[in-house]
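[1] I'd like to go over a predicted model; first the sequence, then the structure.
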Amino acid sequence: MNNNNSAGSVGIFIRPKTFNETYLHGQTFLLTTTHVVKQLDPTPYKTYNQRLPASIEDVTVANIISSGKLHILKILSQLQTSAFFNATTLAPWVLAAEKSYGHVVAGRLGVDKSSWREDVVLIHVESEYYGKNGAWHDLPEFLQLFSEMGDSTAGFVGKITGAVNGRNLCDVLCYKNGSESGWSVGKFHSHKVEIFLKGTTFPVEEHEKVIHSKNVARAQVEMVHAVENTGAFAESGDSGSPILSPTLDGRNFVFCGMVIGAFDPRVGERAIFAVPQSRIFDQIHALTGVAWELDI
């Protein structure tokens, strides 16, 4: 998923559980992180010594481009060296590059009323892009990783059949499928309060006196650590990825949270921030006035 200089991962499809004149019964929406679709202010920290306007955390309405554009450019480049480089072959790719995937209808980057990090956005997708949760997953890649963790892959289907709270899964393996790094495996490791520069995804230190005190936001997050020797749990570009846990019968997934950011506190270390699904659904409820559920 790309929007100008923003990039991230497809989250999860949800639908209104209750509905109103804006969010209709039967409509499908895509859930991901706000900073995936919002152009964040790149201003260096040192200029934040003056108080910022409160509106800096409001989400910007944007058209969303399908994961499309970079792939389309790659295809067009490949076609140039083939015998099929002609107007007929190029036309569908050019049209696809110009087509909007959908548009933002609600979202916010900040801290919710329960002091949790809020980095969530709801996208109304065009009907031709509706999909089923789990349909885009690369299951062979997952099954290899699943097998390496000692689990049986026999009979695995891979649908997302429900949701649980990630905070209750501290000793359970969970998996992430992101657009940048694909599948990874880890565990919800710890709960902490992180300090962010308002309007950005940048963590900051308490002692950074060059930043005005009103320009920081303290928020609860969950930390996710990768299983040892399996690589990073997430990379830049994986924001919005759903965190999934296999069902007890080992056949499907449940949705337990979402990756909202990754940063390197020290050389060789990677910290992954996540928000549990229960908070995400509460945040979307507060933004829209209706209750939500997975589109199963």
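    Thanks, I have the structure now. Numbers count the residues shown, from 1 in each chain.

[2] which stretches of the chain form helices?
    Listed in chain order, the helices of the chain (DSSP state H) span 34-37, 68-80, 87-98, 139-148, 277-288.

[3] which one of those helices has the lowest average pLDDT?
    Among the helices of the chain, helix 68-80 has the lowest mean pLDDT, at a mean of 51.

[4] what's T33 sitting at in phi/psi?
    phi -100, psi 150 (degrees, to the nearest 10).

[5] That one contacts S241, doesn't it?
    No: T33 sits out of contact with S241 when judged by C-beta atoms under 8 Å, with a separation of 9.0 Å. Glycine gets a C-beta too; all of them are placed from N, C-alpha and C.

[6] of these two, who's got more company?
    Taking other C-beta atoms under 10 Å, T33 and S241 do not tie; S241 has more neighbours (32 against 28).

[7] neighbours around the nearest residue to E293 once chain neighbours are set aside, how many?
    Once flanking residues are discounted, E293 sits nearest to K17: 4.4 Å by C-beta to C-beta, 6 or more residues apart in numbering. Residues near K17, counting by other C-beta under 10 Å, number 14.

[8] mind listing the strands in the stretch 51-200 of the chain by residue range?
    Per DSSP state E, counting those that start in this stretch, the stretch 51-200 of the chain carries strands over the ranges 63-65, 100-111, 117-125, 160-163, 174-178, 182-197.

[9] mind checking how far the closest residue to S190 other than its chain neighbours is from P276?
    Ranked by C-beta to C-beta, 6+ apart and with sequence neighbours excluded, the top spatial neighbour of S190 is M223, at 4.8 Å. From M223 over to P276 the distance is 12 Å, taken as C-beta to C-beta, to the nearest Å.

[10] Same check on H212?
    Per C-beta to C-beta, H212 is found 31 Å from P276.

[11] which of those two has more neighbours?
    A direct count of neighbours by other C-beta under 10 Å for H212 and P276 places P276 higher, at 25 against 13.

[12] List the beta-bridge partners for the more buried one.
    In this structure, P276 bridges to G257 when assessed by DSSP bridges.

[13] I figured it hits N165, correct?
    Yes: P276 is within contact range of N165, at 5.0 Å (criterion: C-beta under 8 Å).

[14] Show me the common contact partners of the two, please.
    Common neighbours of P276 and N165, counting by C-beta atoms under 8 Å, 6 or more residues apart in numbering, are C256.

[15] ok now stretch 12-27, how far from the chain's centre?
    20 Å (C-alpha atoms, centre = their mean, to the nearest Å).

[16] Please apply the same query to stretch 261-278.
    With C-alpha atoms, centre = their mean as the basis, stretch 261-278 stands 13 Å off its chain's centre.

[17] can you tell me the distance between the two ends of it?
    End-to-end distance for stretch 261-278, by C-alpha to C-alpha, to the nearest Å: 18 Å.
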